[in-house]
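A.B. asks: coordinates only, no sequence provided:
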């Protein structure tokens with residue numbers, strides 16, 4: 001029984017394909033096709049805009065899909081959340097829907113939006129935000145290039161940002177963050193109750209989360225003389241404890257550990273100073289707990 005998974009077309013497409021590849025799934029698609037091929041006979045893929053993904057999952061036209069939480073919220077979709085996947089277009093950080101205005105605007109808070117015009121792709125999100133703050137403003141749907149519409153066409157915008165660089169480039173400043181969103185793996189509720197489909201979806205979840213976990217870690221391997229073994233092992237953090245094996249030469253040991261990549265630059269000199277030799281750093285594809 002094949003399951004149909006919706007993959008996000010657009011800015012998240014490349015990073016999603018890369019994540020699936022690390023998880024063991026090779027996905028290929030021509031520039032004009034919306035039906036990618038995948039090296040798993042139990043999976044069929046469809047490319048869709050993230051904005052509409054959750055609606056088709058809710059309707060059961062897709063068994064599962066990958067999209068931002070923001071669009072699940074915007075659409076009010078009743079779906080099963082399989083897991084959170086902490087990756088985005090450029091970083092592993094969450095993205096934000098922010099209220100932004102021109103640098104010289106007199107708007108300092110949401111209360112200053114009364115009677116103003118706002119442009120956004122997330123109309124429902126903004127209307128809920130204004131209602132929460134008891135503010136009446138005109139909200140219009142933006143078909144794109146939202147940043148360039150203020151101040152000539154609108155008084156403010158609500159747009160998605162990951163780093164804020166595009167807003168700054170267009171002389172905009174952030175007034176408020178309306179919603180913080182991460183990528184989610186979601187499923188149709190009926191599909192989730194199907195034993196076969198759920199087992200497959202849980203396998204995919206395990207591999208995807210394992211690939212994300214491995215992205216920030218590396219495997220360090222080295223040899224250590226018996227006389228400084230404790231010192232070498234003491235340098236190494238680990239998921240549980242470093243692995244230590246005796247070599248053919250009884251005076252030497254092989255030591256290995258999975259560590260955060262960000263500390264390797266400082267860790268390797270420490271290992272060398274402690275007496276380690278033959279230090280090797282290896283990239284990882286997946287870590288499954």
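C.D. replies: Structure's in. What do you need? Bear in mind the structure is a predicted one, so any value in this text is a computation, not a measurement. Residues are numbered from 1 along each chain as shown.

A.B. asks: make it CA atoms for all contacts and neighbour counts henceforth
C.D. replies: OK.

A.B. asks: can you give me the buried ones in the helix-or-strand element of the chain with minimal mean pLDDT?
C.D. replies: Here the helix or strand of the chain ranked lowest by mean pLDDT, DSSP states H and E is helix 165-169, holding a mean of 89. Taking 16 or more other C-alpha atoms under 10 Å as the neighbour-count basis, helix 165-169 is seen to contain the buried residues residue 167.

A.B. asks: tell me the secondary structure for the residue nearest the centre of the chain?
C.D. replies: In the chain, the C-alpha closest to the average C-alpha coordinate belongs to residue 87, at a distance of 1.6 Å (C-alpha atoms, centre = their mean). Put simply, residue 87 is coil when judged by DSSP: H, G, I helix; E, B strand; the rest coil.

A.B. asks: so what's it up against?
C.D. replies: When contacts are counted by C-alpha atoms under 8 Å, 6 or more residues apart in numbering, residue 87 is found next to 15, 93-94, 182-183, 212.

A.B. asks: all helices in the stretch 51-200 of the chain, in order from the N-terminus.
C.D. replies: Ranges of helices within the stretch 51-200 of the chain are 69-75, 123-132, 165-169, 189-193, 195-214, based on DSSP state H, counting those that start in this stretch.

A.B. asks: rewinding a little: who wins on neighbours among the contacts of residue 87?
C.D. replies: Highest neighbour count within the contacts of residue 87: residue 183, with 23 neighbours (other C-alpha atoms under 10 Å).

A.B. asks: which residues touch that one?
C.D. replies: Applying C-alpha under 8 Å, 6+ apart to residue 183 gives the contacts 66-69, 84-88.

A.B. asks: try 10 Å this time
C.D. replies: Taking C-alpha atoms under 10 Å, 6 or more residues apart in numbering as the contact definition, residue 183 lies against 12, 16, 50, 66-71, 83-88, 92, 94-95.

A.B. asks: same deal with residue 39?
C.D. replies: Contact analysis of residue 39 by C-alpha under 10 Å, 6+ apart lists 24-28.

A.B. asks: in PyMOL, how would I select just the buried ones from those residues?
C.D. replies: This is how PyMOL selects the buried members of the contacts of residue 39, with burial counted by 16+ other C-alpha under 10 Å:
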select buried, resi 24+25+26+27
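
A.B. asks: now the contacts of residue 39 in CSV, with pLDDT and distance to residue 78?
C.D. replies: Written out in CSV, the entries for those read as follows (pLDDT from 0 to 100; distance: C-alpha to C-alpha, whole Å):
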residue, pLDDT, distance to residue 78
24, 96, 30
25, 97, 28
26, 96, 30
27, 96, 28
28, 93, 30
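
A.B. asks: wait, which of the contacts of residue 39 is closest to residue 241?
C.D. replies: Taking C-alpha to C-alpha as the measure, residue 24 is the one of the contacts of residue 39 closest to residue 241, at 27.2 Å.

A.B. asks: my read: residue 9 touches residue 49, true?
C.D. replies: Yes. Between residue 9 and residue 49 there is a contact under C-alpha atoms under 10 Å: 5.0 Å.
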